[in-house]
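Novice: Predicted model, plus sequence, below.
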Amino acid sequence: MLYDICTVFWRDWVVLKRRLARFIFSRMVAPMLYLVAFGWGLGRNIQVGDGAYIDFLVPGIMALNSMNISYNSLTPLCTERVYHRSMGEYIIAPMHPSSFIIGKLLAAVLRGLISSAVIMVLALGFGANLNIDLAYVGILILNCVIFAEIGFFAALSMDSYEELSQVNTYILLPMSFLCGTFFTTAALPELLRLIIDILPLTHTSCLLRSIASQGAIAWESVAVLLVYAIIGFILDIRAFDNQLK
């Protein structure tokens with residue numbers, strides 16, 4: 001099983017390695033705009049608690065970015081399945097479905113972490129003061145896993161990029177702005193806040209922000225993210241099994 005996982009992962013790594021420079025530079029654009037517009041422009045004179053707004057902003061951007069990169073890393077499977085008809089090669093391959101899924105998830109996590117490292121370097125250049133440790137990286141990995149699983153499930157469940165775009169429009173886009181990435185959710189209406197507090201990106205943003213400021217880890221939020229990851233993996237296995245029918 002480990003050999004099969006490594007094989008799937010290595011295939012994606014070879015593709016990424018050939019495009020690594022372009023991948024890194026393309027991932028610098030959006031974070032640079034966020035840091036300039038919100039960190040320097042809007043947030044230069046704003047204090048959040050005892051810290052600068054940019055220290056509040058960067059963990060949110062990293063949560064948001066890792067969500068988008070991990071999700072979009074696996075949506076091309078829809079093209080392979082619907083247009084190239086190459087999913088059949090994976091299906092008939094002598095490997096367990098979970099090996100294929102885990103290999104793909106690990107490749108998406110790697111992309112998410114590389115992109116997050118780019119943001120961290122940019123943030124330091126903008127004067128951010130953050131505590132980055134193993135707990136911080138662990139939460140980032142967990143966030144990448146969750147949204148990679150969503151991307152995998154969407155790619156195997158939907159039959160066109162038009163349908164995939166609906167996930168971006170109705171799920172990812174609202175989470176991008178409402179889940180504590182750019183501002184605290186405390187000021188939102190109570191009903192809306194209760195809904196937002198259920199979403200995984202909210203828990204990731206809060207955890208990253210707390211760890212970055214050397215605060216206490218909210219273990220209930222970690223538990224919520226683990227539940228999302230487990231449910232996502234089960235759904236991915238079912239989506240892959242449906243391709244066998």
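Specialist: Nice, thanks for sending it over.
Novice: Tell me the buried residues in stretch 173-182?
Specialist: Neighbour counts over stretch 173-182 (16 or more other CB atoms under 10 Å) mark 175-176, 178-182 as buried. Bear in mind the C-beta positions are built from the backbone N, C-alpha and C, glycine included.
Novice: Start and end of that stretch, how far apart?
Specialist: 13 Å (CA to CA, to the nearest Å).
Novice: mind putting the buried residues of stretch 173-182 in a markdown table, secondary structure, pLDDT and distance to Leu106 included?
Specialist: Below are the buried residues of stretch 173-182 laid out as a markdown table (DSSP: H, G, I helix; E, B strand; the rest coil; pLDDT from 0 to 100; distance: CB to CB, whole Å):
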| residue | secondary structure | pLDDT | distance to Leu106 |
| --- | --- | --- | --- |
| Met175 | helix | 91 | 23 |
| Ser176 | helix | 90 | 24 |
| Leu178 | helix | 89 | 29 |
| Cys179 | coil | 91 | 25 |
| Gly180 | coil | 86 | 27 |
| Thr181 | coil | 88 | 25 |
| Phe182 | coil | 86 | 30 |
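Novice: so which of these comes closest to Lys104?
Specialist: Checking the buried residues of stretch 173-182 against Lys104 by CB to CB gives Met175 as the nearest, at 22.0 Å.
Novice: wait, the closest one sits on Ala63?
Specialist: No: judged on CB atoms under 8 Å, Met175 makes no contact with Ala63 at a distance of 9.6 Å.
Novice: Pull up the overlap in contacts between those two.
Specialist: Taking CB atoms under 8 Å, 6 or more residues apart in numbering as the contact rule, Met175 and Ala63 both touch Leu201.
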